[in-house]
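**Student:** Sequence below, structure please.
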Amino acid sequence: MRAGQPKYVVTTAFDDIVALRLRFQSVWNATFSGVPYIFDNEPQIDGHEGTWARFSVQPGEQKRRPGVALRTYDQRGWAYLQVFMPEDEADRDGWAMAEEIGNAFRDWHSEDWRVRTEAPAYKSIDREGEPYTILVTIKYKAEHRI
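**Tutor:** Reported below is the predicted structural model:
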């Protein structure tokens, strides 16, 4: 590398996952510390009587950024928050949690601006015999240099 040339850091999809998880944890733990949550591939919270959540990050396709000399790629993906509530429980608290996290990710970016998010989308899922679920979908884009 020549003197004066900027350094760049090689990043991975897992770096994106970590950045998004840290953002989620900082908001969730400050606002809903009594409500348990899990990440991908952690045991489901069975037998819990109250509300709980799952935060999942799914990296998608990488595309090379055209016109850039370095091997720079745009990684697109989705972060999902699922808030699970017992049947026959009012949905107000669940929606408050979903919207708090959705708003925390609305047009958010990591400190280095490498990971950026868009506005959230919301959906409720109500199936007989299963917990009432509110799904928050957050699109993200990250820059990777390889």
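
**Student:** Would you map the helices across the protein?
**Tutor:** Listed in chain order, the helices of the chain (DSSP state H) span residues 13-31, 92-105.

**Student:** now the longest one, how far from the chain's geometric center?
**Tutor:** The offset between the C-alpha centroid of helix 13-31 and the centroid of the whole chain comes to 7 Å, using Cα atoms, centre = their mean, to the nearest Å.

**Student:** quick one, that helix and helix 92-105 angle?
**Tutor:** Computed by axes from the mean of the first three to the mean of the last three Cα atoms, to 10 degrees, the angle separating helix 13-31 from helix 92-105 equals 130 degrees.

**Student:** What residues of helix 13-31 count as buried?
**Tutor:** Ala13, Asp15, Asp16, Ile17, Ala19, Leu20, Arg21, Arg23, Phe24, Val27, Trp28 (16 or more other Cβ atoms under 10 Å). For every residue, glycine as well, the C-beta is placed using N, CA and C.

**Student:** rewinding a little: tell me which of the helices of the chain sits nearest to Trp113.
**Tutor:** Of all those, it is helix 13-31 that lies closest to Trp113, at 11.0 Å by Cβ to Cβ.

**Student:** Who are the packing partners of the closest one?
**Tutor:** Here helix 13-31 is seen to pack against strand 52-64, strand 72-85, helix 92-105, strand 115-117, strand 132-145 when contacts are counted using 3 or more Cβ pairs under 8 Å, 6 or more residues apart in numbering; DSSP states H and E.

**Student:** Average pLDDT for it, rounded please.
**Tutor:** The average pLDDT for helix 13-31 rounds to 96.

**Student:** what about Val68, how many residues close to it?
**Tutor:** For Val68, the neighbour count with other Cβ atoms under 10 Å is 11.

**Student:** repeat for His109
**Tutor:** Burial measure for His109: 14 neighbouring residues, criterion other Cβ under 10 Å.
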